[in-house]
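J.: This is a predicted model, with the sequence first.
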Amino acid sequence: MTNEDEITNIETFSTENVALVRVRTADGAEGWGQVAPYNADITVHVLHRQIAPHALGANAADLATLETEILEREHKFPGSYVCRALGGLDTALWDLRGKRAGAGVCELLDGRPGRFPVYASSMRRDIEPRDEADRLARLQGEYGYRAFKVRIGRECGHDQDEWPGRTEELLPAVRKALGDDAILLVDANSSYTPTRAIEVGRMLDDYGVAHFEEPCPYWELEWTAEVSAALSLDVAGGEQDCLMPVWRRMAEMRAVDVMQPDVCYVGGMSRALRVAELARTAGLPIVPHSANLTLVTVFALHLMSGIENAGNYVEFSIEPDDYYPWQRGIFEPELVPRDGTVEIPPGPGWGVEIRPEWLQRAKHRVSALR
């Protein structure tokens, strides 16, 4: 390791829902990343307590070794919060690497900037089917989306719908409003047992749904595999998973037809790339989870530009600022859909600049090499 590669500072700027990470090396180079949204302020404590002590003084250029050592040293704490915190460090180091090279992260992966197809992703179950269909049709006209995802069932719903009959009413309303050429995706968020998921899946087939996400509780991998084997449409999953042995099993047993790592949940870009390789070996595509307009969608766009087995689109939230008031104003340029695509931010690293006014509102904390 040359001295210039030594990690000297790890800073966080956090709110309850969003936390950014800035990493600096001995030569003054810096990069920006983000931990996973939701309870981000808790993740920040984990980062400073369980990630930073191992990363400070380490080689920023050797991500694979660094991340292996961190997870081994924290082997008593496998799981979500450590991976979320690790993702903040990892994504910052990818940004730093890109800025040093004068290249976008996607270019480091042999991809290239440009526009990438996205699907309009609804997060709502509290909306009436007719109103959901109407707003999707409006967005179709305004932004040229060709693919759309809606929520069915109830989150971790034990075979229950958000209210009786909602799913059965929603699907024909959305199909009629969007037309036969629109690509439809649905997300059940761990709603069903296998028997009910298969029943619902056959109904989805009647409306030409292409993608059935997380039909069963995600931790019941055998249940999901049973549903995948029984249905002709694609079953997707993996957004919640962060442990590599689970991803290996998912790929080897082909529990899903589409694998969906979230760059922030899984532990960063490096680990998302490992998942993409597991999927490629199994002959499966990647469609990452990126359910809000923080940096996670920027990460997903760069990822998809740089892997061989990228699926057809990136998830793009359609929820307005009053639904997710914390998702905007973080960086520029903001992501704007046009003709059903979004531009991968050009420029070095992630291709975005963090807005100083957002940082001023956030809680600042520093871990430094002594």
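T.: Arrived safely, thanks for sending. Numbering: from 1, shown residues only.

J.: I'd like the distance from stretch 44-59 to the chain centre, please.
T.: In terms of C-alpha atoms, centre = their mean, to the nearest Å, the centre of stretch 44-59 is set 23 Å apart from its chain centre.

J.: can you pull the contacts of H158?
T.: Each residue near H158 by C-beta atoms under 8 Å, 6 or more residues apart in numbering is listed here: S191, T193. To be clear about C-beta, it is placed using only N, CA and C from the backbone, and glycine gets the same treatment.

J.: Helix or strand for it, just tell me which one.
T.: For H158, there is no host helix or strand (DSSP states H and E).

J.: And for R49, the neighbour number?
T.: The number of residues packed around R49, counting by other C-beta atoms under 10 Å, is 12.

J.: cool, and the one 4 residues further on?
T.: Using other C-beta under 10 Å as the criterion, P53 is surrounded by 14 other residues.

J.: what's the nearest residue to it if we skip its chain neighbours?
T.: Counting by C-beta to C-beta, 6 or more residues apart in numbering, the nearest residue to P53 once its immediate chain neighbours are dropped is S367, at 7.5 Å.

J.: per-residue pLDDT, the one you found?
T.: At S367, the model reports a pLDDT of 98.

J.: At which residues are the strands of the protein located?
T.: 7-14, 19-25, 30-34, 115-121, 147-151, 183-187, 209-213, 234-237, 258-259, 314-317, 331-332, 341-343, 353-354, 363-368 (DSSP state E).

J.: Listing partners with orientation, what would you give for the first one?
T.: Each strand paired with strand 7-14, and its direction, by DSSP bridges: strand 19-25 (antiparallel), strand 363-368 (antiparallel).

J.: okay, the angle between the first one and strand 30-34?
T.: Yep, that's strand 19-25 we're talking about. Inter-element angle recorded for strand 19-25 and strand 30-34: 160 degrees (by axes from the mean of the first three to the mean of the last three C-alpha atoms, to 10 degrees).

J.: Rounded mean pLDDT for strand 19-25, please.
T.: pLDDT averaged over strand 19-25 equals 98, rounded to a whole number.

J.: Residues contacting it, please?
T.: Among residues not part of strand 19-25, those counted as contacts by C-beta under 8 Å, 6+ apart are 4-14, 30-35, 40-41, 43-44, 47, 55, 60, 88-89, 91-93, 96, 295, 330, 354, 359, 362.

J.: so how far is it off the chain centroid?
T.: Once both centres are worked out by C-alpha atoms, centre = their mean, strand 19-25 turns out to sit 19 Å from its chain's centre.

J.: can you check the shortest one too?
T.: Shown here is strand 363-368, whose average C-alpha point lies 25 Å from the average C-alpha point of the whole chain (C-alpha atoms, centre = their mean).

J.: Type out the ChimeraX command that picks the buried ones from the contacts of strand 19-25.
T.: Here is the ChimeraX command that selects the buried residues among those (16 or more other C-beta atoms under 10 Å):
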select :5,6,7,8,9,10,11,12,13,14,30,31,32,33,34,35,40,41,43,44,47,55,60,88,89,91,92,93,96,295,330,354,362
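
J.: What are the buried residues along stretch 362-370?
T.: The neighbour-count check on stretch 362-370 (16+ other C-beta under 10 Å) flags A362, R365, S367 as buried.

J.: which outside residues touch that stretch?
T.: Where contact means C-beta under 8 Å, 6+ apart, the residues beyond stretch 362-370 that reach it are 6-15, 19-20, 41, 44, 48, 52-53, 56-57.

J.: how about E357, what does it touch?
T.: Contact analysis of E357 by C-beta under 8 Å, 6+ apart lists G329.

J.: Begin at 10, not 1, for the rest of this chat.
T.: Will do, 10 is the new start, and the previous item becomes E366.

J.: now the helices: where do they sit in the stretch 210-359 of the chain?
T.: For the stretch 210-359 of the chain, the helices defined by DSSP state H, counting those that start in this stretch occupy 230-239, 253-261, 272-275, 278-290, 304-315.

J.: So, low pLDDT: which residues of the stretch 110-259 of the chain?
T.: In the predicted model of the stretch 110-259 of the chain, no residue satisfies pLDDT under 70.

J.: Now do the closest residue to V114 other than its chain neighbours, the pLDDT please.
T.: In space, not counting the residues next to it along the chain, V114 is nearest to H311; the distance is 4.3 Å by C-beta to C-beta, 6+ apart. In the prediction, the pLDDT value recorded for H311 is 98.
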